[in-house]
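K.L.:
Fold the following.
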Amino acid sequence: MKGSAPVEEAAELRRLVEHHSRLYYGEDRSEISDEEFDGLVRRLRELEESWPELRTPDSPSVRVGSPPVESFGQVTHAPPMLSLDNAFTIEDFAAFESRITRELGLSAPPRYSVEPKLDGLAVSIVYEDGILTRGATRGDGVTGEDVTANIRTIRSVPLRLPGAPAGTLDMRGEVIFTKADFEAMNRSRESAGEKPFANPRNAASGSLRQLDSGVTAARPLSFVAYACVPAPESCPSQSALLGWLGSMGIPVNPWNSVCTGIGEVLKARESMESGRHGMPWEIDGLVVKLDDFSLAERMGALSRTPRWAVAWKFNPPEAATRVVSIGVSVGRTGRLTPVAVLEPVAIGGVTVSRATLHNEDELRRKDIRRGDLVIVRRAGEVIPEVVRSLGSPHGRRQEEFEFPTECPVCSGPVVRPEGEAAHRCINPSCPARLRESILHWASREAMDVEGMGERLADRLVDLGLVKDLADLYSLDAGALSKVERMGARSSEKLIGALREGMGAGLERVLTGLGIPGVGRVVASALSARFRTMEAVASADASSLQEVEGVGPVIAESLEAFFASEITSGVVKRLARAGVLMESRATGGSGPLDGLTIVFTGALSMSRDAARRLAEEAGARVSESVSPKTGLVVAGPGAGAKLDRARELGIRTTDEQGFLGLIGAR
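P.N.:
Numbering: from 1, shown residues only. A predicted model of the protein is given here:
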């Protein structure tokens, strides 16, 4: 074959690669070795690199990935990708069957297609005249993300469907990791010093949604189909459709079956649940659908869920073990989660040695203590959790666990924000939450650092370039050159954005510190009242609560933040780096100095622009109308806030009147 003309050789190579891919992924058999298959793909790439005009849209070479993109486009699903109602008990399923037989007037139990419920990411893969043209995530069911380049990298997804009918075919299914591929990938990551993925489902979702499809291509994702829109005329039922999909070389689940009535479905469920750990992928239940498409069409659908199908979840597997100790983990948002360290126990084929206790309220409600015998299950088939305590096997129990007042990672102060069940570390430079702190600090509401995204924040932390928020202001071109894909121009723009934001003022600094309860509105009120960070830091609870929007809980958070050397030290280092710690308000020279303004209704400008104009004129902007409000600027569509202002006798004006007041008209 190597001596033939490039056009003929490339065509034959594409045919061979697709043929052997179909056998391997669609029929679970091979005619050649992996080395021989890799040789065919390698030779095809050589030809296409030498003669780019030979590369076709369905060439297997597209599976290596495409250049990174800035973001995913949106795709509208027609018809929508519906979600399923759940059944958890035999009574739930009996009610589902009863509704079907009653509404359809059936004299005998209906026939169902019973399919394992795969735990992955739902996708739509569109073929036009047999050629793959688009792949998209489910999203909200109506709108998903265009991940075509990433879908093409999945080897079990056919790029061409020989013999497919003309027109559009929308294949719907699940992107997953097999258990073996997931474990092998994690072993490889650990060997390379990378963090292993927590579970197959989240790993599959994250892998398919990579902006760099080369990353997706390096991960052994698989695809299993369960629907096609529209179904071919030759397929009057779901079971016939699944058979047709398999004949087209599209992977389908070999454990699909057809059952009549609840009795047979229950037997299939029991068989599937007992054999689930021998399956090559994770499942968390079964999906039961009316097999006959004409009956399903008569049952119809609600806005988000079909009335002809249901997901019957398995009961989470449970086991008893002993609590060795109770500790606390710190998440990336600073949330503290109590965790039970357990005597290792096998649950659903997985050895569990740690389980979440969720938060202090749950810990107290369940009364879990060190030394207790407890029941543990894998919540959602993934995260182990302690269900309940059986008490101490020795009769006498240990003392209750005391929740820490200092972060176990950085020793910074811990508070419980108002309205939340969880405690949080409030040190923005805590190593556990530094990535999220950087993103919050750089957000539009805070310091508005253009160019600071998730990937860059990750790399700055991973490379040790930023260990504290103040380190952002010591970044230079030399340091940023260590960051992948940060060229000279990108580095210059980021450094410029950081320097430009240094003078943003007290309000934005307070917002960016992420103190619980201190968002933009409260930060603005604090800035207007105290003018300097030093004054805010030295204010007592009583003075703080004189500020609109600050109650006892927020005042406590502020006091805790500034009383700690660790968190107050972050502010001092930012100040030494040159970040302005004073209000930018003119302090008496502005036309609206000291006035509290509320904007409501539609404006010709953005709310951010209106806020900036008001603040530059010396005013403070609030989100709610109160007796302290001095002016309400109302545009078309103003409602309750305008009514409230009139009730209180507060001065109101429209946008043009506001611009006239500040001299901007």
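K.L.:
Tell me where the stretch 151-300 of the chain has strands.
P.N.:
Taking DSSP state E, counting those that start in this stretch as the criterion, the stretch 151-300 of the chain carries its strands at 168-176, 222-229, 257-260, 283-290.
K.L.:
Kindly reformat the ones you listed as CSV containing mean neighbour count and mean pLDDT.
P.N.:
In short, each C-beta sits where N, CA and C put it, glycine included. Below are these laid out as CSV (neighbours: other C-beta atoms under 10 Å; pLDDT from 0 to 100):
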stretch, mean neighbour count, mean pLDDT
strand 168-176, 21, 94
strand 222-229, 20, 94
strand 257-260, 17, 97
strand 283-290, 23, 93
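K.L.:
out of those strands, nearest to residue 116?
P.N.:
strand 283-290 (4.4 Å; C-beta to C-beta).
K.L.:
which secondary structure elements does the closest one contact?
P.N.:
Counting contacts by 3 or more C-beta pairs under 8 Å, 6 or more residues apart in numbering; DSSP states H and E, strand 283-290 is packed against helix 90-104, strand 111-118, helix 261-275, helix 293-299, strand 309-313.
K.L.:
Show me what the helix or strand following the second one is in contact with.
P.N.:
As assigned by DSSP states H and E, the chain's next helix or strand after strand 111-118 is strand 121-128. With C-beta atoms under 8 Å, 6 or more residues apart in numbering as the contact definition, strand 121-128 has outside contacts at 75, 77, 81, 132-138, 144, 147, 151, 157, 161, 164, 167-176, 201, 204-205, 208, 223.
K.L.:
so strand 121-128 versus strand 168-176, what angle?
P.N.:
150 degrees (axes from the mean of the first three to the mean of the last three C-alpha atoms, to 10 degrees).
K.L.:
Any figure for the gap between the nearest residue to residue 630 once chain neighbours are set aside and residue 434?
P.N.:
Closest residue to residue 630 apart from its sequence neighbours, by C-beta to C-beta, 6 or more residues apart in numbering: residue 595 at 4.1 Å. As for residue 595, its distance to residue 434 is 38 Å (criterion: C-beta to C-beta, to the nearest Å).
K.L.:
which of the two has more neighbours?
P.N.:
Taking other C-beta atoms under 10 Å, residue 595 and residue 434 do not tie; residue 434 has more neighbours (23 against 19).
K.L.:
Residue 466 is in contact with that one, correct?
P.N.:
Yes: with contact defined as C-beta atoms under 8 Å, residue 434 and residue 466 form a contacting pair (7.1 Å).
K.L.:
sorry, back to before: the helices and strands packed on strand 283-290: which one's closest to residue 19?
P.N.:
Using C-beta to C-beta, those put strand 111-118 closest to residue 19, at 26.3 Å.
K.L.:
What lies in contact with that closest one?
P.N.:
174, 176, 224, 226, 237-239, 242, 253, 255-260, 265, 268-269, 272, 276, 279, 281-292, 311, 313.
K.L.:
circling back to that earlier point, present the strands of the stretch 151-300 of the chain as TSV; the columns should include distance to residue 327.
P.N.:
Below are those laid out as TSV (distance: least, C-beta to C-beta, whole Å):
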stretch	distance to residue 327
strand 168-176	33
strand 222-229	36
strand 257-260	45
strand 283-290	28
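K.L.:
next structured bit after the lowest-mean-pLDDT helix or strand in the chain?
P.N.:
Least confident helix or strand of the chain, by mean pLDDT, DSSP states H and E, is helix 34-50 with a mean of 71. The helix or strand immediately downstream of helix 34-50 is strand 74-76, counting by DSSP H and E.
K.L.:
where does the protein have low pLDDT?
P.N.:
Across the chain, the ranges flagged by pLDDT under 70 are 1-4, 20-30, 33-35, 37-38, 57-70, 348-349, 379-382, 585-589, 664-665.
K.L.:
swap the cut-off to 50 and go again
P.N.:
The model of the chain has pLDDT under 50 over residues 1-3, 26, 28, 64-65, 587.
K.L.:
how much space between the residue nearest to residue 630 and residue 631?
P.N.:
Separation of residue 595 from residue 631 (C-beta to C-beta): 6 Å.
K.L.:
shared neighbours of the two, anything?
P.N.:
Joint contacts of residue 595 and residue 631 (C-beta under 8 Å, 6+ apart) are residue 619.
K.L.:
ok, the residue nearest to residue 630 - contacts?
P.N.:
618, 619, 620, 630, 631.
K.L.:
how about 6 Å then?
P.N.:
Listed by C-beta atoms under 6 Å, 6 or more residues apart in numbering, the contact set of residue 595 reads 619, 630, 631.
K.L.:
now residue 532
P.N.:
Contacts for residue 532 (C-beta under 6 Å, 6+ apart) come out as residue 582.
K.L.:
Go again with 8 Å.
P.N.:
506, 581, 582, 583.
K.L.:
and what of residue 10?
P.N.:
Residue 10 neighbours (C-beta under 8 Å, 6+ apart): 44, 47, 48, 51, 54.
K.L.:
so how far is residue 217 from it?
P.N.:
Here residue 10 is placed at a distance of 20 Å from residue 217 (C-beta to C-beta).
K.L.:
How about residue 171?
P.N.:
20 Å.
K.L.:
Repeat that for residue 553.
P.N.:
49 Å.
K.L.:
what about those two, which has more around it?
P.N.:
residue 217 (22 against 16).
K.L.:
hang on, that one packs against residue 151?
P.N.:
No: look at residue 217 against residue 151 with C-beta under 8 Å: they stay out of range, at 10.9 Å.
K.L.:
Now do the SS call for residue 543.
P.N.:
helix (DSSP: H, G, I helix; E, B strand; the rest coil).
K.L.:
Now do the contacts for it.
P.N.:
By C-beta under 8 Å, 6+ apart, the contact list for residue 543 is empty.
K.L.:
before we move on, what about residue 376?
P.N.:
318-321, 342, 345, 347, 352, 355, 384-387.
K.L.:
Which one of those residues sits in the busiest neighbourhood?
P.N.:
residue 386 (26 neighbours).
K.L.:
Please name the bridge partners of it.
P.N.:
As for beta bridges, residue 386 partners with residue 376 under DSSP bridges.
K.L.:
And it, how close does it get to residue 643?
P.N.:
50 Å.
K.L.:
likewise residue 220?
P.N.:
Counting by C-beta to C-beta, the gap from residue 220 to residue 643 is 60 Å.
K.L.:
From the structure, what's the count of residues near the closest residue to residue 158 other than its chain neighbours?
P.N.:
Of all residues not flanking residue 158 in the chain, residue 249 sits nearest, at 5.2 Å (C-beta to C-beta, 6+ apart). Other residues lying near residue 249 total 21 when counted by other C-beta under 10 Å.
K.L.:
Check the one 5 residues further on too.
P.N.:
Residue 254 is flanked by 12 other residues according to other C-beta under 10 Å.
K.L.:
Give me the phi and psi for it.
P.N.:
phi -70, psi -10 (degrees, to the nearest 10).
K.L.:
any idea how far residue 116 is from it?
P.N.:
Plainly put, residue 254 is 9 Å away from residue 116 if you go by C-beta to C-beta.
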